[in-house]
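>>> the sequence and its predicted three-dimensional model are supplied below.
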Number of protein chains: 2
Amino acid sequence: MAIRALIFDVFGTLVDWRSSIAAQAKSTLEPLGYSTDWLAFADAWRNEYQPAMEKVRSGQRGFCKLDVLHRDNLDIVLGRLGWHKVDEPTRQHLNLAWHRLQAWPDVAEAMAMLRQQFLLAPCSNGHIALMANLARHNHWHWDAILGAEIAQDYKPQAIVYQASARAFDLDLSETMMVAAHSSDLEAAAVAGLKTAFIGRPDEYGPGLGEHTATTTVDFEAPDLLALARQLCKG
Amino acid sequence: MAIRALIFDVFGTLVDWRSSIAAQAKSTLEPLGYSTDWLAFADAWRNEYQPAMEKVRSGQRGFCKLDVLHRDNLDIVLGRLGWHKVDEPTRQHLNLAWHRLQAWPDVAEAMAMLRQQFLLAPCSNGHIALMANLARHNHWHWDAILGAEIAQDYKPQAIVYQASARAFDLDLSETMMVAAHSSDLEAAAVAGLKTAFIGRPDEYGPGLGEHTATTTVDFEAPDLLALARQLCKG
């Protein structure tokens, strides 16, 4: 069955969250007199991401938008640094840094090519507003915002991939998940979708991202533009 | 509080469903030997729309995508005409005519203007795939597809308007419903949203649409382009 839609992981796959969060944390907090290794600050914030979602996936906590989890996690990180005096408006502003992440440089050209051939949507753990704001920030053009919020659960739960395919009225095998994370793609494949891996070797710092897939995928490319050229040559 | 997002009724407000359905029914069925007043065919199909949704709104039937209701209604209309031999692939193709409706002529220019100032989304009883396909067909650029499917109920239930505002992380009063139907806007206002009426005087045939609002609204204009000029002059 032909692939008719591509759905995308976003954090790490389309946007460089680490540099973007570090830059925004620095520009927000340094003028207030705070100083630290800002990339380590970004890593610490991101490290709380999976444990927070796991509470939702396990049923320990009801579904909530990712902003709520990001905010809990920010408070944890600021607390650990002893930065208890960071005020509420500053915390709220900084929490929205996730709505203003910069895309990797190949994304705009690749998305324009892929759009000619496929329906396109994010299938992210970020909620609808976050994804809509990221799209504005990076001039992306989605056909719909799918993913965690429409499924009311977090990846890698199978329902998130399946609900996204079904929202487009497509069979699971007509829908391909694109990600820079093998674990995300392994879950999507088990859920019944096609999968494409792209490398983002610098996601966690120079050379510290995934270079190649460690699970079986339908397509693999060194970046999104290379994948677009593979998929659109036919 | 400033308006930050516009959410739109689609059938009748943005697209001329009556002419589009009549033309597609004719081009699909006339070559098979069927003949009728095709505008009356479109009206008959549309007349089954509210009763079908009422079963969902009243809880008599669980939420389903609008394609399912449209298909039930198509079968009713074909049955009444005695056209029992229209085959399954033809019915399926014709049912998707609602994914290929033409926009009123002022919509493209108006949407481009409004997009500079507001987040934009459909708040339609059409489901995500139908709205995504209509957007492709008419070259629209939505920030997200909101409305009935994300709320799992049909307008004019308050939850549909409210879920759409909340999906954008906005207060109800920061979100404005735009429609050519006073009843839709009355429900949106009761739900807490701002409202804008635009005229579509030919929706049900020449002169047979709503010219002016019959309920109190925040803004009113003779068409969408006029509304865009009102809202974007500031």
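Now that the structure is in, tell me what you want to look at. These numbers were taken from a predicted model, which means no experiment stands behind them.
>>> how many other residues sit next to A:Asp37?
When neighbours are counted by other CB atoms under 10 Å in any protein chain shown, A:Asp37 registers 10. C-beta coordinates here come from the backbone N, C-alpha and C atoms, glycine included.
>>> my guess is A:Tyr34 is in a strand, correct?
No - counting by DSSP: H, G, I helix; E, B strand; the rest coil, A:Tyr34 is not found in a strand; it is coil.
>>> wait, it sits on A:His84?
No - assessed by CB atoms under 8 Å, A:Tyr34 is found out of contact with A:His84, at 11.5 Å.
>>> and those two? Which one has more around it.
Legend: neighbour count by other CB under 10 Å for A:Tyr34 and A:His84, higher for A:Tyr34 (18 against 8).
>>> can you give me phi and psi for the residue lying closest to that one once chain neighbours are set aside?
With CB to CB, 6 or more residues apart in numbering or on different chains as the criterion, A:Tyr34 has its nearest non-adjacent residue at 5.9 Å, and that residue is A:Trp83. Dihedral angles of A:Trp83 (phi, psi; degrees, to the nearest 10) stand at phi -90, psi 60.
>>> same question for A:Ala22.
phi -60, psi -50.
>>> strands of chain A, start to end?
A:5-8, A:119-124, A:146-147, A:175-179, A:194-198, A:219-221 (DSSP state E).
>>> mean neighbour count, the ones you listed: which tops it?
Highest mean neighbour count of the strands of chain A: strand A:146-147, a mean of 30 (counted as mean count of other CB atoms under 10 Å in any protein chain shown).
>>> roughly how far out does that strand sit from the chain middle?
In terms of CA atoms, centre = their mean, to the nearest Å, the centre of strand A:146-147 is found 11 Å from the chain centre.
>>> same deal with stretch A:112-121?
The answer for stretch A:112-121 is 18 Å, by CA atoms, centre = their mean.
>>> got the domain ranges for chain A?
Following automatic domain parsing, one gets these domains for chain A: A:5-16+A:102-232, A:18-99.
>>> what's the weakest-modelled helix or strand in chain A?
None of the helices or strands of chain A scores lower by mean pLDDT, DSSP states H and E than helix A:49-57, at a mean of 94.
>>> elements contacting it?
Packed against helix A:49-57 by the contact rule (3 or more CB pairs under 8 Å, 6 or more residues apart in numbering or on different chains; DSSP states H and E) you find helix A:66-80.
>>> what mean pLDDT does the helix it packs on have?
Helix A:66-80 comes out with an average pLDDT of 97.
>>> quick check: A:Ala22 touching A:Thr36?
No - the criterion here is CB under 8 Å, and A:Ala22 misses it with A:Thr36 at 10.0 Å.
>>> which residue of the two possesses the greater neighbour count?
Taking neighbours as other CB under 10 Å, A:Ala22 and A:Thr36 compare with A:Ala22 leading, 21 against 16.
>>> can you report how many residues neighbour the spatially closest residue to A:Gln92 that is not a sequence neighbour?
Among residues not flanking A:Gln92 along the chain, A:Arg71 sits closest, at 7.9 Å (CB to CB, 6+ apart). When neighbours are counted by other CB under 10 Å, A:Arg71 registers 16.
>>> out of the strands of chain A, which is closest to A:Glu210?
For these, the distance to A:Glu210 is smallest for strand A:194-198, at 7.8 Å, taking CB to CB.
>>> any stretches of chain A with poor pLDDT?
Within chain A, the stretches with pLDDT under 70 are A:234.
>>> can you give me the helices in it?
With DSSP state H applied, chain A shows helices at A:17-29, A:38-47, A:49-57, A:66-80, A:88-95, A:107-115, A:128-138, A:148-151, A:158-167, A:182-191, A:224-232, listed in chain order.
>>> which one of those helices lies nearest to B:Gly205?
Nearest to B:Gly205 among these is helix A:158-167 (34.2 Å), distances taken as CB to CB.
>>> chain center to that closest one: distance?
16 Å.
>>> which strands or helices does that helix pack on?
In terms of contacts (3+ CB pairs under 8 Å, 6+ apart), helix A:158-167 is packed against strand A:5-8, strand A:119-124, strand A:146-147, helix A:148-151, strand A:175-179, helix A:182-191.
>>> distance to chain B added to these, as TSV?
Shown next, in TSV, are the helices and strands packed on helix A:158-167 (distance: least, CB to the nearest CB, whole Å):
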stretch	distance to chain B
strand A:5-8	9
strand A:119-124	6
strand A:146-147	8
helix A:148-151	6
strand A:175-179	12
helix A:182-191	18
